[in-house]
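sequence first, predicted model second:
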Amino acid sequence: MSKKRYVNTVFWDDAYITNLDPSEKLIFIYLLTNPCTNIAGVYQIPLKRIALDTGIDRDMCSKIIDRFQSDGKVLYIDGWIAIKNFIKHQNFNSPMVKSGIERELTDSPDSLKTFIGYHINGEIYGIDTILNSDISKGISQGKGQSQSNRSVFKPPTPDEVQEYLDSQKCKFFDGEQFCDFYTARGWLIGKNKMKDWKAAVRTWIRRDKEKLRAELRCFDD
């Protein structure tokens, strides 16, 4: 079934977009408009597909998406991608739109559902809160809600991170390195507060695996 995706012309005037290079701009608009997208902005797409459709090398696609992720614009986990603020451009006053978003998110990872929550008058709301009818009305009217609905992030301890690393059989870095890195940055990913530290750990693991593969390829050459 064909789908239509409309991109506002102000996209090209956005301060973040204007600072991207041509390949990064292509990947960003591709993530918004490719055939796998849906009304929730959370969907499955392999790097191989992104590289094939855009003509950009797969390793370069991975590096570009990692940059978007570091800047808090997207989250890419195990072939799933979530685009920050995608759903805020949808019509929440339409029951069909709300049910469509809920349907698309049924089988998506919880970490991605949390990631696409966004700010309303300085307060951060997860997708479950956003889809609540009262909150949806508040979004359209620009009104904030009570603090009880906010998602609260609790930084992990080095031991907690190390335990998770051990479960992932990762030897690239340790829990103390991870915590020191983000503690120094106020637990921010780009300009956004971290919401899921395990997702960030998996991003580090995937990044280091990509580096290792690249080094091995150079050695073989």
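In hand now; what should we look at? Given the structure is predicted, the values throughout are model-derived calculations rather than measurements.

does F68 touch V74 like I think?
Yes: F68 is within contact range of V74, at 4.5 Å (criterion: C-beta atoms under 8 Å). In short, each C-beta sits where N, CA and C put it, glycine included.

hey, what's in contact with both of those two?
Shared contacts of F68 and V74, defined by C-beta atoms under 8 Å, 6 or more residues apart in numbering, are found at L31.

the most centrally placed residue in the chain bridge partners, please.
For the chain, L75 is the residue whose C-alpha lies nearest the centre (C-alpha atoms, centre = their mean; 2.1 Å). Beta-bridge pairing of L75 under DSSP bridges involves A82.

if I pick it, what's in contact with it?
69, 81-82, 84, 111-112, 115, 199.

now do N192
72, 84.

who does it form a beta bridge with?
Assigned bridge partners for N192, using DSSP bridges, are I189.

what does the pLDDT read for it?
According to the prediction, N192 has pLDDT 84.

repeat that for D107.
78.

pretty sure P109 sits against D78.
Yes: using C-beta under 8 Å, P109 is in contact with D78, at 7.5 Å.

of the two, who's got more company?
P109 (17 against 11; other C-beta atoms under 10 Å).

strands of the protein, start to end?
42-44, 74-77, 80-83, 118-120, 123-125, 188-189, 192-193 (DSSP state E).

can you tell which of those is closest to G100?
strand 42-44 (12.1 Å; C-beta to C-beta).

the closest one: which residues count as buried?
Residues of strand 42-44 classed as buried by neighbour count (16 or more other C-beta atoms under 10 Å): 42-43.

and if you look at stretch 41-51?
In stretch 41-51, counting by 16+ other C-beta under 10 Å, buried: 41-43, 45, 49-51.

and those as JSON lines, adding pLDDT and distance to R58?
JSON lines is the format used below for those (pLDDT from 0 to 100; distance: C-beta to C-beta, whole Å):
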{"residue": "G41", "pLDDT": "86", "distance to R58": "23"}
{"residue": "V42", "pLDDT": "90", "distance to R58": "22"}
{"residue": "Y43", "pLDDT": "92", "distance to R58": "19"}
{"residue": "I45", "pLDDT": "95", "distance to R58": "13"}
{"residue": "R49", "pLDDT": "96", "distance to R58": "10"}
{"residue": "I50", "pLDDT": "97", "distance to R58": "8"}
{"residue": "A51", "pLDDT": "96", "distance to R58": "4"}
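
hey, which helix is longest across the chain?
helix 197-220 (DSSP state H).

from the chain's centre, how far out does it sit?
Computed by C-alpha atoms, centre = their mean, to the nearest Å, the chain-centroid distance of helix 197-220 equals 18 Å.
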